[in-house]
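# the following block contains a protein sequence and its predicted model.
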Amino acid sequence: MFADVLKKFRDCVRKGKLVVTQHAFEEMNDDDLLQVDVEHCILVGEIIERQWDVQWREWKYVVNGESTDGEIIEVVLKSGHSNNAVVITTYFYFVRLK
């Protein structure tokens, strides 16, 4: 559904143009995740949802995929101003109730 956006995010990972926010680093640390886990998730995962960020007035995307050790995680990211991708947060995937 968001193939072009996912391609851009994957290109950013491959080119070293992935920016991780302080909040995302804190969440990664709490869950014992490394940046390589986040990158792997983006490279092998799929965008499952697009969300409108009311505060920042821009789209953000939820990527569901695997960490390097096979655990299912989700990464929330957006397009940055310098043609990069910005990781907003990450967490372990749990069944979401709608």
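Nice, I can see it.
# for the rest of this, base every contact and every neighbour count on C-alpha atoms.
Noted.
# so the residue nearest the centre of the chain is in which element?
Central residue of the chain (C-alpha atoms, centre = their mean): V75, 3.0 Å from the mean position. Assessed by DSSP states H and E, V75 sits inside strand 72-79.
# strands paired with that strand, and their directions?
Strand 72-79 has its sheet partners listed here by DSSP bridges as strand 58-66 (antiparallel), strand 85-92 (antiparallel).
# touching, T21 and G80? I think so.
No - judged on C-alpha atoms under 8 Å, T21 makes no contact with G80 at a distance of 11.4 Å.
# ok, back up a step: now find how far off-centre the strand holding V75 is within its chain.
2 Å (C-alpha atoms, centre = their mean, to the nearest Å).
# list the buried residues of it.
I72, I73, E74, V75, V76, L77, K78, S79 (16 or more other C-alpha atoms under 10 Å).
# again with stretch 34-46
Residues of stretch 34-46 classed as buried: D37, V38, E39, H40, C41, I42, L43, G45, E46 (neighbour count, 16+ other C-alpha under 10 Å).
# what residues are shared contacts of T21 and G80?
Counting by C-alpha atoms under 8 Å, 6 or more residues apart in numbering, the contacts common to T21 and G80 are V86.
# show the average pLDDT along the helix ranked longest in the chain.
The residue-count maximum for a helix in the chain (DSSP state H) belongs to helix 3-14. In this model, helix 3-14 has a mean pLDDT of 98.
# just stretch 85-98 next, same as before
Rounded mean pLDDT across stretch 85-98 is 81.
# how about it as CSV, C-alpha atoms only?
Taking only C-alpha atoms (Å, rounded to 0.1, in the frame of the first residue of the first chain), the coordinates of stretch 85-98 have been written out as CSV:
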residue,chain,number,x,y,z
ALA,A,85,14.2,8.9,7.8
VAL,A,86,13.5,9.7,11.4
VAL,A,87,12.7,6.9,13.9
ILE,A,88,10.2,8.3,16.4
THR,A,89,9.8,5.2,18.6
THR,A,90,10.0,1.5,18.6
TYR,A,91,8.5,-1.3,20.7
PHE,A,92,7.8,-5.0,20.8
TYR,A,93,4.7,-6.0,18.8
PHE,A,94,1.7,-7.1,20.8
VAL,A,95,-1.7,-8.0,19.3
ARG,A,96,-3.4,-4.7,18.9
LEU,A,97,-7.1,-4.4,19.7
LYS,A,98,-8.9,-1.9,17.5
